[in-house]
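[1] Sequence first, then the predicted structure:
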Amino acid sequence: MLYKVEGIVIRSMDYGEGNKIITIYSKTHGKIGIMAKGAKKLKSRHAGVSQLFTYGEFMFYKTSGLGSLNQGEILTAHHKIRGDLHLAAYAAYLVEMVDRMVEDTEASEFLFEQLKAALDAFEEGKDPQIIVRMFEMKMLHFSGVAPVLDACVHCGRDEPPFSLSPGMGGLLCRLCRLRDPRGISVTEGTVKLLNVFQQVDLRRLGNITVKHETRLQLKQCMRAYMDIHVSIPFRSLHFLDQMDKYDI
């Protein structure tokens, strides 16, 4: 059967002497594995469209198993991302989240648009760390494990200062924070940004200026929460951590 879909390449691997197997995340069919014959060859008509992070239109045959790419048209190549070590590392984390947290046939127009908007935001020069934190929150929402951020997860009060309890699933107020001694103390600014990350569509993301201390706290909160509620050892995170450690 012949299919024609819009999608984003979230994985690309060499296969044999001249081929590639790509995984695209599509708006209508979820994740799709496709064989792109000859795509490793520079003059191949499939070479460009099979590159990681490419947003394109894909026409392929599929009966069972892998599809076979017949034709592809690049809509956005994302050359800037692939040409920048830092941006490529951040983008690799985003597409790995989609690849490993989404079931094969689980289509979501919302998630597709958020991923597309995140990659576009990288290209536009917006803060990559903020984009990553926002996309992590979108993935938590998609997975049904988003934190409770509008009030205390235990008693429902709005009594700052708060701590974030990944284990209990959200904020704890000043009266309940001792219920989780491992909770992360968070400033009012961090709480506001976490709410922004949860509520604001990435397609409407403007330029956000965040203090260094707040960046560190946001990363600590999101990493701790992801570790408990997702618990997937993302390979791309190791390189991101190395970049942060050595300021590559």
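    On my side now, so go ahead.
[2] Run a quick check on K37 versus G18, I expect a contact.
    Yes. Under the criterion of CB atoms under 8 Å, K37 makes contact with G18 at 7.4 Å. For glycine as for every other residue, the C-beta is placed from the backbone atoms N, C-alpha and C.
[3] if you count what's nearby, which of these two comes out ahead?
    K37 (16 against 13; other CB atoms under 10 Å).
[4] Leaving out chain neighbours, which residue sits closest to that one?
    N19 (5.2 Å; CB to CB, 6 or more residues apart in numbering).
[5] all helices for this structure, in order.
    79-82, 85-101, 109-123, 128-143, 188-199, 212-229, 235-246 (DSSP state H).
[6] closest one to A151 among these?
    helix 188-199 (10.8 Å; CB to CB).
[7] helices and strands around that closest one, which ones?
    Using 3 or more CB pairs under 8 Å, 6 or more residues apart in numbering; DSSP states H and E, the elements in contact with helix 188-199 are helix 128-143, helix 212-229.
[8] Out of these, which is the most enclosed?
    Sort these by mean neighbour count, taking mean count of other CB atoms under 10 Å, and helix 128-143 sits at the top with a mean of 21.
[9] my read: M168 touches H154, true?
    Yes. With contact defined as CB under 8 Å, M168 reaches H154; the gap is 6.6 Å.
[10] Give the residues shared as contacts by those two.
    R179 (CB atoms under 8 Å, 6 or more residues apart in numbering).
[11] Okay, V49 and N70: tell me how far apart.
    11 Å (CB to CB, to the nearest Å).
[12] When the two are compared, which one has more neighbours?
    Neighbours per residue, other CB under 10 Å: of V49 and N70, the larger number sits with V49, 25 against 15.
[13] Might you report the residue contacts of the residue of the chain positioned farthest from its centre?
    Centroid-distance maximum for the chain: L175 at 34.3 Å, with CA atoms, centre = their mean. Residues near L175 by CB under 8 Å, 6+ apart: 152, 155, 157, 159.
[14] mind giving me the domain ranges of this structure?
    Here the domain parsing of the chain from automatic domain parsing is 2-77, 82-246.
[15] Any chance of those domains in CSV with mean pLDDT as columns?
    CSV is the format used below for these (pLDDT from 0 to 100):
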stretch, mean pLDDT
domain 2-77, 94
domain 82-246, 95
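[16] Pick out the residue closest to the middle of the chain.
    L94 (2.9 Å).
[17] measure it to H212 for me?
    With CB to CB as the criterion, L94 and H212 are 23 Å apart.
[18] ok, now E136?
    For E136, the distance to H212 - CB to CB - is 19 Å.
[19] Also R235?
    On the measure of CB to CB, R235 and H212 end up 27 Å apart.
[20] next one: V230
    In terms of CB to CB, V230 sits 26 Å off from H212.
[21] before we move on, what about G16?
    From G16 to H212 the distance is 47 Å (CB to CB).
[22] tell me the angle the longest strand that the chain contains makes with helix 109-123.
    Longest strand of the chain, by residue count under DSSP state E: strand 2-15. Counting by axes from the mean of the first three to the mean of the last three CA atoms, to 10 degrees, strand 2-15 lies at 50 degrees to helix 109-123.
[23] Give the other helices and strands that strand 2-15 contacts.
    Looks like strand 2-15 contacts strand 19-26, strand 30-36, strand 55-61, strand 67-76, helix 85-101, helix 109-123 (3+ CB pairs under 8 Å, 6+ apart).
[24] if we go to 7 Å?
    Here strand 2-15 touches strand 19-26, strand 55-61, helix 85-101, going by 3 or more CB pairs under 7 Å, 6 or more residues apart in numbering; DSSP states H and E.
[25] Buried deepest among these, which one?
    strand 19-26 (a mean of 23).
[26] any idea how far R179 is from the residue nearest to E109 when sequence neighbours are not counted?
    Nearest residue to E109 in three dimensions, chain neighbours excluded: K27, at 5.3 Å (CB to CB, 6+ apart). Distance from K27 to R179, counting by CB to CB: 42 Å.
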